[in-house]
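K.L.:
here are the coordinates; sequence isn't available:
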């Protein structure tokens, strides 16, 4: 029997759990979500980011052949690999949060209410910005966005990385001129270290995860992400998906996109499935307990940018209402999914391909398929969050250089 990419998807490769506290509200958006992410602030983020040099909507690919293989009506994949030349959706959140932090600090010193990014780029506030240091901890992509934003807007930057961050990702961040700090612990240890050092030195944390006493800046990050959902709604040709698969991590991107799709499509919104590595399952464990929980795994996963041990509290406040299902995946499902996308001309990294892997795992398991309500009429939306953010790892898993892959799919 001929082997296919789907052979990796056995019933044991994934586990899923339906969120018992998900909202069934038919309101345009849940009022508690509106409090966390006000519509007006999302619109401001969209207007600002669309003015940045190099902004353009990322592609939405139609995966007709994969839809046939998985026996669904259609699959659309939002491809974040070209975003601002940084290789991932994180370019939207981290850099926007740097802009917002600097704007508030400039306002405190000058009293000027309206600050725009053009003024920061042309050096209008250089005397202030050069004495400001922004700091974050990262698995790779968020740190790159913060470092890029710091370079663009003229402030100092320190990026904390943990022991599992590859040299390739470290170098990709460092090229933006920031100071790199590698610690011996895991991602959550790097978050705590960055926070502690910032308090000692009067630096400003620009994190994509929220925790007690630190809530405002992660809201800016998620507001930056919402533009992604707005683009999807404009690209989808009016055919609303029945299911959307979103990556987990600390929960920020899944929360932002699910909230915005709820705002856009209301009662017609798709069912939301959040995908995590089995070794980094903090959202899945939170769903089981109906409250924020730690991961049960050791955080060692090929899905490097989804390796989070603790949920973002703000993200959980949203996902506990907006997500219908949480699922965890074995690492063995990722390389086949990356290779399948590469065959179609799509460069999707280890964390980016997690959503296709999640869909395939469900579709290849009759019980899971029935439980999630996926059938021949289902319309699927996938988010591929990154391209080859570490080219060496990408080549090792896919077998070819990312630069050799040319996209020729309908957009």
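P.N.:
Sure, I can see it. Remember, predicted model here, so these are calculated numbers, not experimental data.
K.L.:
now the stretch 251-400 of the chain, which segments are flagged as low pLDDT?
P.N.:
For the stretch 251-400 of the chain, no stretch has pLDDT under 70.
K.L.:
buried sites along the host helix or strand of residue 193?
P.N.:
Element membership for residue 193, per DSSP states H and E: helix 187-201. For helix 187-201, a neighbour-count test (16 or more other CB atoms under 10 Å) marks 187, 188, 189, 190, 191, 193, 194, 195, 198 as buried. Placement of C-beta: from N, CA and C, glycine included.
K.L.:
outline the domain layout of the chain.
P.N.:
For the chain, automatic domain parsing gives the domain ranges 5-88+224-404, 90-217.
K.L.:
how far is the shortest one from where the chain is centred?
P.N.:
For domain 90-217, the distance from its own C-alpha centre to the chain's C-alpha centre is 17 Å (CA atoms, centre = their mean, to the nearest Å).
K.L.:
how long is that domain from one end to the other?
P.N.:
End-to-end span of domain 90-217 (CA to CA, to the nearest Å): 14 Å.
K.L.:
pLDDT of it, averaged?
P.N.:
Per-residue pLDDT values over domain 90-217 give a mean of 93.
K.L.:
stretch 48-56 too?
P.N.:
94.
K.L.:
which parts of the stretch 101-250 of the chain are helices?
P.N.:
Along the stretch 101-250 of the chain, counting by DSSP state H, counting those that start in this stretch, helices occupy 117-121, 126-129, 141-153, 167-174, 187-201, 216-235.
K.L.:
name the helices or strands packed onto the helix or strand containing residue 355?
P.N.:
Residue 355 is part of helix 354-363, with elements assigned from DSSP H and E. Judged by 3 or more CB pairs under 8 Å, 6 or more residues apart in numbering; DSSP states H and E, helix 354-363 is in contact with strand 14-18, helix 64-70, strand 243-247, strand 271-277, strand 325-329, helix 334-343, helix 366-372, strand 379-384.
K.L.:
redo those as JSON lines? Include distance to residue 54.
P.N.:
Formatted as JSON lines, the helices and strands packed on helix 354-363 follow (distance: least, CB to CB, whole Å):
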{"stretch": "strand 14-18", "distance to residue 54": "37"}
{"stretch": "helix 64-70", "distance to residue 54": "30"}
{"stretch": "strand 243-247", "distance to residue 54": "24"}
{"stretch": "strand 271-277", "distance to residue 54": "29"}
{"stretch": "strand 325-329", "distance to residue 54": "33"}
{"stretch": "helix 334-343", "distance to residue 54": "24"}
{"stretch": "helix 366-372", "distance to residue 54": "38"}
{"stretch": "strand 379-384", "distance to residue 54": "20"}
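K.L.:
wait, which of these is closest to residue 105?
P.N.:
Taking CB to CB, strand 243-247 is the member of the helices and strands packed on helix 354-363 nearest to residue 105, at 31.6 Å.
K.L.:
so residue 342 versus residue 398, what's the distance?
P.N.:
Relative to residue 398, residue 342 is positioned 5 Å away (CB to CB, to the nearest Å).
K.L.:
neighbour-wise, which of those two wins?
P.N.:
Taking neighbours as other CB atoms under 10 Å, residue 342 and residue 398 compare with residue 398 leading, 25 against 21.
K.L.:
list the contacts for that one?
P.N.:
Taking CB atoms under 8 Å, 6 or more residues apart in numbering as the contact definition, residue 398 lies against 335, 338, 339, 342.
K.L.:
looking at the residues you listed, which one is closest to residue 143?
P.N.:
Closest to residue 143, out of all of these and judged by CB to CB, is residue 338, at 22.2 Å.
K.L.:
contacts only, for the closest one.
P.N.:
348, 349, 350, 353, 394, 397, 398.
K.L.:
ok, for it, nearest residue in space, not its chain neighbours?
P.N.:
Distance criterion CB to CB, 6 or more residues apart in numbering; nearest residue to residue 338, sequence neighbours excluded, is residue 353 at 4.5 Å.
K.L.:
that neighbour touches residue 342, doesn't it?
P.N.:
No. Using CB atoms under 8 Å, residue 353 is not in contact with residue 342; the gap is 9.4 Å.
K.L.:
state the distance from residue 102 to residue 38.
P.N.:
From residue 102 to residue 38 the distance is 21 Å (CB to CB).
K.L.:
sorry, slip of the keys, the one I care about is residue 331.
P.N.:
Distance of residue 331 to residue 38, computed by CB to CB: 38 Å.
K.L.:
repeat for residue 191
P.N.:
In this view, residue 191 and residue 38 are 26 Å apart by CB to CB.
K.L.:
just residue 373 next, same as before
P.N.:
According to CB to CB, residue 373 stands 32 Å off from residue 38.
K.L.:
cool, and residue 111?
P.N.:
Residue 111 sits 24 Å away from residue 38 when distances are taken as CB to CB.
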